[in-house]
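1. sequence and predicted model, in that order:
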Amino acid sequence: MFSNPTAVTFIGYLILMVAVGVFAYYYTRNYSDYILGGRRLGGFVTALSVGASDMSGWLLMGLPGAVYLSGISQSWIAIGLTVGAYINWCIVAGRLRVYTEKTHNALTLPDYFTHRFEDKGNLLRIIAAVVILLFFTIYCASGVVAGARLFENTFNMPYEWALVVGAVATILYVFLGGFLAVSWTDTIQASLMCLALIVTPIAVMLDLGGFSAACDQIASIDPKMLNILEGHTFVGIVSLMAWGLGYFGQPHILVRFMAARSIKVIPNARRVGTLWMIFSLAGAIGVGFFGAAFFSQHPETAGLVTQNHERVFIVLSSVLFNPWIAGILMSAILAAVMSTLSCQLLVCSSTLVQDFYRVFLRKDASQRELVWVGRSMVLLVSVVAVWIASDPSSLVLSLVSYAWAGFGAAFGPVIILSLWWRRMTRNGALAGMVTGAVTVLVWNHYAWLGLYEILPGFAFAAAAIVIVSLLDKKPAKSVDDTFTEVAAVVSNAAKN
């Protein structure tokens, strides 16, 4: 094992991540530190943490693989994601940061919904928490499976052992350092992912003789691979672009906005985060696109890619680079898996502690007790995720395909309208949350019109919020006053 440069690099990377967790342990003084980093993240860390928590192994495996097979027509989803992420930074990030502080220093999304609408019955909290736990436990399980497959292939170990080894390092640094450890490691991981996705396609182009030569080679394989509209209907393009709507409702992304030091760091974070997305997604498309040209010229190296097109980045890294550099680039896949899984574990833990344990079981729990219960919940969710992932052929992975849509439709319209519309009511929020989630589940089952379920889910949820809120009595004066206060703070920040 230790004579294999890739294995040595992997082990070194894992040790570094755990070391960051140990370091963050000493900066975790209370429960707010553990689940939100004490709201003291700077703009750069906030931006890269958002990017890393968003992009999983799909960025380095799924997207390059799709482009490798079909050409740049698979780029529409990347365009939709970039546009959606940018708008999310513009209309959600700053207001959510201010609003969560003004509403009793809300630490989770269910916490924010409850205090934003003064829901004394905690119904909003319960429904939102159940949605988060349901989808994120599935997400965590899929991340564990992806990590296990990576370790299985790298170290040639049985799947059962790879499952445990692949999960332990991520669980350990989340357990120890909480949000700070996750955010700091996300910064390292996002940088590594972006570097790998810039270096690899450039190396492929140089090997092929430059950009024009690479494009000519693609054209000789199939000219249709150069057509961005190839194989798409109008509905198909709209469906791919609609992925961008998911950003408005993703708890693991929204919580990064809540953890920013202040609203003043958001503009710089938006610029850094948007540039990171553009470079990373363009690099991923480049890996698949130029990879197709490379393997057509070097068919003797294409065996593993022919078996599974999602291995295009892995094989290019191993063929083009020195084994040590290849090991570093391969660690980018591990970074993508670990960064997303760690965020999901922490969101599940904070939901269990803040929205169930603290509210219904131990209202007067000490900060130390809450931190240790939070760590215990990380272990609990991890055990459940590993148990679900123990059968890699289970239906878990198929459920992940609409978990993004589920969050986007259930929470997205509620988040946007709660931040921008003072007339919105608690019952409107409940109606929107339930309508969005149910629409996604039903639409996915019947696949009407071939339209991605997030689009009707988002639209119907927004309509339900508006209709029910207008039929409902107006919000209490205290709710309206908080809305006015938040709007004033955001306005002043924009002027300065």
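-> Cool, got the structure. Numbering: from 1, shown residues only.

2. once you drop chain neighbours, what's closest to Val489?
-> With C-beta to C-beta, 6 or more residues apart in numbering as the measure, Val98 is the residue that lies nearest to Val489, at 5.0 Å, once sequence neighbours are left out. C-beta coordinates here come from the backbone N, C-alpha and C atoms, glycine included.

3. so the one you found touches Phe483, yeah?
-> No: Val98 is not in contact with Phe483 according to C-beta atoms under 8 Å; the separation is 10.9 Å.

4. phi, psi for the residue nearest to the spatial centre of the chain please.
-> In the chain, the residue lying closest to the centroid (C-alpha atoms, centre = their mean) is Asp54, at 2.2 Å. Dihedral angles phi and psi of Asp54 (degrees, to the nearest 10) take the values phi -80, psi -50.

5. that one contacts Gly84, doesn't it?
-> No: counting by C-beta under 8 Å, Asp54 does not reach Gly84; the two are 10.4 Å apart.

6. shared neighbours, those two?
-> Contact criterion C-beta atoms under 8 Å, 6 or more residues apart in numbering; residues shared by Asp54 and Gly84: Tyr247.

7. so where's the stretch 151-300 of the chain shaky on pLDDT?
-> For the stretch 151-300 of the chain, residues meeting the criterion pLDDT under 70 lie at 153.

8. same deal with the stretch 1-150 of the chain?
-> Counting by pLDDT under 70, the ranges of the stretch 1-150 of the chain that qualify are 1-3, 38.

9. that one: helices as residue ranges?
-> 5-25, 31-36, 43-54, 63-70, 76-88, 94-102, 109-116, 123-155 (DSSP state H, counting those that start in this stretch).

10. also the stretch 151-300 of the chain?
-> According to DSSP H, counting those that start in this stretch, the helices that the stretch 151-300 of the chain contains are 159-208, 211-221, 234-241, 251-258, 266-297.

11. which one, of those, ends up nearest to Ile325?
-> For these, distance to Ile325 was read as C-beta to C-beta. The smallest value, 8.6 Å, belongs to helix 159-208.

12. so that closest one versus helix 43-54, what angle?
-> Counting by axes from the mean of the first three to the mean of the last three C-alpha atoms, to 10 degrees, helix 159-208 lies at 110 degrees to helix 43-54.

13. and stretch 275-285, what's buried?
-> The neighbour-count check on stretch 275-285 (16 or more other C-beta atoms under 10 Å) flags Trp276, Met277, Ser280, Leu281, Ala282, Gly283, Ala284, Ile285 as buried.

14. for stretch 202-216, same thing?
-> Neighbour counts using 16+ other C-beta under 10 Å place Ala203, Val204, Met205, Asp207, Leu208, Ala214, Cys215 of stretch 202-216 among the buried residues.

15. look up how far Ile202 lies from the closest residue to the first one other than its chain neighbours.
-> For Ala203, the nearest residue in space outside its immediate sequence neighbours is Leu320; the separation is 4.9 Å by C-beta to C-beta, 6+ apart. As for Leu320, its distance to Ile202 is 10 Å (criterion: C-beta to C-beta, to the nearest Å).

16. try Ala447
-> Plainly put, Ala447 is 39 Å away from Ile202 if you go by C-beta to C-beta.

17. swap in Thr301?
-> Using C-beta to C-beta, which is the criterion applied here, Thr301 is 18 Å from Ile202.

18. residues near the spatially closest residue to Ile91 that is not a sequence neighbour, how many?
-> By the measure of C-beta to C-beta, 6+ apart, the closest residue to Ile91 outside its immediate chain neighbours is Ile416, 6.7 Å from it. Per other C-beta atoms under 10 Å, the neighbour tally for Ile416 reads 22.

19. and Ile416, its phi and psi?
-> Backbone geometry at Ile416, expressed as degrees, to the nearest 10, gives phi -60, psi -50.

20. pretty sure it sits against Tyr247.
-> No: taking contact to mean C-beta under 8 Å, the distance of 10.6 Å between Ile416 and Tyr247 leaves them out of contact.

21. that older thread, return the residues in contact with the residue nearest to Ile91.
-> When contacts are counted by C-beta under 8 Å, 6+ apart, Ile416 is found next to Ile91, Val92, Phe248.

22. measure Pro110 to Phe151 for me?
-> Taking C-beta to C-beta as the measure, Pro110 and Phe151 are separated by 34 Å.

23. His252 now?
-> Here the criterion is C-beta to C-beta. By it, His252 lies 23 Å from Phe151.

24. residues contacting the closest residue to Met377 other than its chain neighbours?
-> What sits nearest to Met377 in space, not counting adjacent residues and going by C-beta to C-beta, 6+ apart, is Ser349, at 4.0 Å. Residues touching Ser349, when contacts are defined by C-beta under 8 Å, 6+ apart, comprise Ile35, Val174, Gly374, Arg375, Met377, Val378, Val381.

25. next one: Ala190
-> The contact partners of Ala190, taken as C-beta under 8 Å, 6+ apart, are Leu48, Ser49, Gly51, Ala52, Trp276, Ala335, Ser339.

26. is it true that the third one touches Trp276?
-> Yes: proximity of Gly51 to Trp276 meets the contact threshold set by C-beta under 8 Å, at 4.7 Å.

27. residues touching the closest residue to the residue nearest to the centre of the chain other than its chain neighbours, list them.
-> Spatial nearest neighbour of Asp54, chain neighbours left out: Ile253 (5.7 Å); criterion: C-beta to C-beta, 6+ apart. When contacts are counted by C-beta under 8 Å, 6+ apart, Ile253 touches Val50, Ser53, Asp54, Asn88, Tyr247.
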